[in-house]
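Trainee: Here is my input, please return the structure:
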Amino acid sequence: MRVLKSIMLAGAMLLATPVFFSSCEEDATNLKYKMEVTVVNDFTKVVEAINNGALKNEQAINQLKQAIDQMNADQKTKMQAIIAAINAVNNTLDTKLAVIEAAIKAQTLSMDSKMELLKGVIEAQSASLELKLGAIETAMNEQTLALEAKMDLIHDIIGDQTAALELKIGAIEAAIKAQTLSMEAKMDLIHDIIAAQTSALELKLAAIETAMKEESIALADKLALVEQAIKDQTTNFDTKMELLTTAITSMPDYSAKLAAIETAISNVPDYATQLAAIKAVMNGINTTLTDKLALLEGINDAITDNAAKLAAIKAVIDALPDYSTAFASIKTEIANLLQAVKDGTTSTETALAAIAAKIEEMKAAGGVSGGGTTGGGTGTEKIVPKDFVDLGLPSGLLWAKCNIGAATENETGGYFSWGETAPKTKFGYGKYKFWNGSTFTKYNWSDNLMELQPEDDAATVILGPWCHTPTKAEWEELIEKCTWEATKVTMPGTTEPVVAYWKVTGPNGNHIILPSTGYYWDDGLHFSWSFYNSSTLKEVDTVCSLGWDHSGVTEELGVSYDHPTIARGSRKAGYVIRAVCSTK
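Mentor: This is a model prediction of the structure:
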């Protein structure tokens with residue numbers, strides 16, 4: 001019996017003390033496996049804690065980093081555990097991003113392992129766009145990663161012919177916004193994208209737009225990009241004009257816009273090209289009143305030949321819309337001064353001095369101050385734009401005849417994500433202005449903003465400070481106080497007629513037309529529903545939109561959506577905008 005106990009004790013000591021296995025290679029392998037399983041399980045427990053909400057933010061990342069560094073395992077085993085956590089279907093996006101950040105911060109992982117991990121996530125077809133963009137942003141902001149490694153990662157993404165455009169644009173934005181990257185590296189990146197013949201136009205436009213909007217980039221550097229775009233011999237004229245228009249419309253304030261226009265005009269070789277450039281910017285779909293007035297003032301300052309200057313001013317005046325009676329009157333006065341020079345009754349110098357004063361009057365009437373932000377100025381008088389209809393509503397609100405970006409009342413116009421001020425055709429969280437890969441950066445749970453601010457309201461930015469996107473309450477007034485009459489048509493692929501447009505007649509008998517527009521989702525344009533944006537959020541991630549169901553069968557709580565009503569919309573989706581103007 002004593003012998004049996006001794007044998008059992010010896011066996012227990014062998015199991016408990018790893019050094020006893022040194023003479024047995026097979027047993028040593030088994031022990032190593034058990035130790036690796038233990039440390040991997042510790043890592044897994046931290047991942048589970050994050051999923052369950054027990055660990056959050058920096059605490060979660062630090063715990064994960066510690067678990068990785070404490071693994072008594074080789075690089076391969078560690079990477080297998082990390083990759084398994086990232087690929088796990090049940091792990092949340094926040095958890096996966098925390099794992100990636102912890103891995104990048106880990107001291108026991110080599111730089112090669114970290115870069116292979118990032119590239120694997122970015123190239124994986126099964127990984128979501130949000131995860132990829134989050135991984136890129138994490139890499140750009142990590143101080144322990146070398147600048148060369150970061151820039152190689154970005155260039156690899158941009159040069160990858162199979163990578164989605166949204167991913168490339170997101171990578172550019174992450175690099176430009178990263179505080180850990182030098183300004184020289186950022187500017188070299190933008191220069192390379194603009195000059196590269198292999199870069200898609202959309203990518204070049206996104207790159208210059210991101211640069212112009214980035215507050216950390218100095219105005220001098222932004223103007224250098226504009227100059228490069230204009231002078232580049234390998235870029236055709238149409239592309240240059242799109243780059244210029246995007247640069248001007250993306251500049252943060254009037255002074256910056258004016259400087260960009262003057263830089264561009266000064267670097268155009270001849271007057272014919274200058275005039276073509278001016279017309280291209282004037283006709284740009286995203287060009288606001290502020291941009292157009294900056295263009296007018298820029299001509300006055302940048303063109304040195306007086307005859308050419310007068311001709312360019314006339315081209316802009318002729319193309320400017322009549323925003324109001326007061327605005328139209330100033331336009332007429334400038335036109336009369338130009339004619340007086342032509343008739344010989346006024347000298348060029350006298351006319352130009354008077355025109356400069358009239359431009360200031362026009363800026364004041366349009367609510368644009370010399371150093372103010374787009375849509376944020378206040379004019380000397382309240383003016384009401386043309387092409388708005390008084391429906392006789394109790395609020396006194398005027399409704400635009402057309403959607404923003406439409407030339408006629410039956411056209412759909414441009415499609416906008418909620419809070420963005422420029423139309424687009426590509427939508428999704430990866431393309432959304434206020435999404436950083438894991439959360440909303442504005443109008444979120446922290447700032448408690450539930451109504452669009454003027455700088456984020458497309459109607460205000462594009463049409464002027466007197467206009468805005470309708471609130472939920474203003475849409476409700478239109479629904480309740482007006483008569484709605486549908487005109488239906490049979491569309492290809494449908495057996496029953498669907499709504500082509502609504503005629504909305506106000507209490508005073510005046511009317512507007514609201515055409516069916518469909519909506520943009522991640523994978524393109526859909527026509528099962530039509531949506532119009534409001535300026536009001538229902539919840540942080542949803543919008544109170546005007547909408548109707550073309551099938552006429554959707555019901556919720558007994559309410560049929562074949563008639564326009566306030567429906568739940570998505571911030572990231574593409575909806576049209578019908579502007580309103582208050583008279584009170």
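Trainee: where does the protein dip in pLDDT?
Mentor: Residue ranges of the chain with pLDDT under 70: 1-41, 53-57, 285-286, 367, 369-386, 491-495, 551-562, 583-584.
Trainee: need the helices for the stretch 351-500 of the chain, in chain order.
Mentor: 458-463, 472-481 (DSSP state H, counting those that start in this stretch).
Trainee: Burial-wise, tell me which of these comes out on top.
Mentor: Of all the helices of the stretch 351-500 of the chain, helix 458-463 has the most neighbours on average by mean count of other C-beta atoms under 10 Å, namely a mean of 26. For every residue, glycine as well, the C-beta is placed using N, CA and C.
Trainee: picking up where we left off before, now the helices of the stretch 351-500 of the chain as TSV including distance to Thr108?
Mentor: Formatted as TSV, the helices of the stretch 351-500 of the chain follow (distance: least, C-beta to C-beta, whole Å):
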stretch	distance to Thr108
helix 458-463	49
helix 472-481	53
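Trainee: quick one: which of the ones you listed is nearest Gly419?
Mentor: helix 458-463 (8.6 Å; C-beta to C-beta).
Trainee: Report the backbone C-alpha coordinates of that closest one in PDB.
Mentor: Output of helix 458-463 as PDB, limited to C-alpha atoms (Å, rounded to 0.1, in the frame of the first residue of the first chain):
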ATOM      1  CA  ALA A 458     -27.600  71.500 -46.900                       C
ATOM      2  CA  ALA A 459     -30.400  73.900 -47.500                       C
ATOM      3  CA  THR A 460     -28.700  76.600 -45.400                       C
ATOM      4  CA  VAL A 461     -25.300  76.000 -46.900                       C
ATOM      5  CA  ILE A 462     -26.400  75.800 -50.500                       C
ATOM      6  CA  LEU A 463     -29.300  78.300 -50.600                       C
END
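Trainee: For it, name the packing helices and strands.
Mentor: Other helices and strands packing on helix 458-463, by 3 or more C-beta pairs under 8 Å, 6 or more residues apart in numbering; DSSP states H and E, are strand 467-468.
Trainee: what are the pairing partners of the strand it packs on, and which direction each?
Mentor: Its sheet considered, strand 467-468 pairs with strand 580-581 (antiparallel) by DSSP bridges.
Trainee: Tell me, how many residues neighbour Glu451?
Mentor: 15 (other C-beta atoms under 10 Å).
Trainee: show me what contacts it?
Mentor: Counting by C-beta atoms under 8 Å, 6 or more residues apart in numbering, Glu451 touches Thr471, Ser535, Thr536, Leu537.
Trainee: Lys119 versus Glu148, what's the distance?
Mentor: 15 Å (C-beta to C-beta, to the nearest Å).
Trainee: Of the two, give the one with the bigger neighbour count.
Mentor: Regarding Glu148 and Lys119, a neighbour count based on other C-beta under 10 Å identifies Lys119 as having more, with 15 against 9.
Trainee: three-state assignment of that one?
Mentor: Three-state assignment for Lys119 (DSSP: H, G, I helix; E, B strand; the rest coil): helix.
Trainee: Surely it is in contact with Ile157?
Mentor: No - applying C-beta atoms under 8 Å, one finds Lys119 not in contact with Ile157, separated by 9.2 Å.
Trainee: Tell me which residues touch Glu565, please.
Mentor: Quick fix: residue 565 is Thr, not Glu. With contact set as C-beta under 8 Å, 6+ apart, Thr565 has these partners: Ile479, Leu546, Gly547, Trp548, Val559.
Trainee: which of those sit farthest apart?
Mentor: Maximum distance among these (C-beta to C-beta): 14.2 Å, for Leu546 and Val559.
Trainee: So between the two, which is more surrounded?
Mentor: Leu546 (25 against 10).
Trainee: Show me what the helix or strand harbouring the more buried one is packed against.
Mentor: Assessed by DSSP states H and E, Leu546 sits inside strand 542-549. Taking 3+ C-beta pairs under 8 Å, 6+ apart as contact, the helices and strands that strand 542-549 lies on are helix 472-481, strand 529-532, strand 537-539, strand 565-570.
Trainee: Go through these and name the closest to Ser266.
Mentor: strand 529-532 (42.3 Å).
Trainee: so what does that closest one touch, helix or strand wise?
Mentor: Secondary elements touching strand 529-532 (3+ C-beta pairs under 8 Å, 6+ apart): strand 519-521, strand 542-549, strand 565-570.
Trainee: ok, and what's touching it?
Mentor: 470, 475, 499, 514, 516-519, 545-550, 561, 567, 569, 573, 575-578.
Trainee: and with 10 Å instead?
Mentor: 403, 412, 415, 469-470, 475, 498-499, 501-502, 514-520, 543, 545-551, 554, 561, 564, 567, 569-570, 573-578 (C-beta atoms under 10 Å, 6 or more residues apart in numbering).
Trainee: List just the nearest of the contacts of Glu451 to Thr345.
Mentor: Once C-beta to C-beta is applied, the member of those that ends up nearest Thr345 is Ser535, at 49.7 Å.
Trainee: Counting neighbours, what do you get for that closest one?
Mentor: 27.
Trainee: so what's it up against?
Mentor: So Ser535 contacts 418-419, 450-454, 456-460, 468-472, 474-475, 543-544, 577, 580 (C-beta under 10 Å, 6+ apart).
Trainee: hmm, 8 Å instead?
Mentor: Glu451, Leu452, Asp457, His468, Thr469, Pro470, Thr471, Lys472.
Trainee: ok, now Thr517?
Mentor: Contacts of Thr517 (C-beta under 8 Å, 6+ apart): Asn403, Thr412, Gly413, Tyr415, Ser530, Phe531, Tyr532, Tyr575, Val576.
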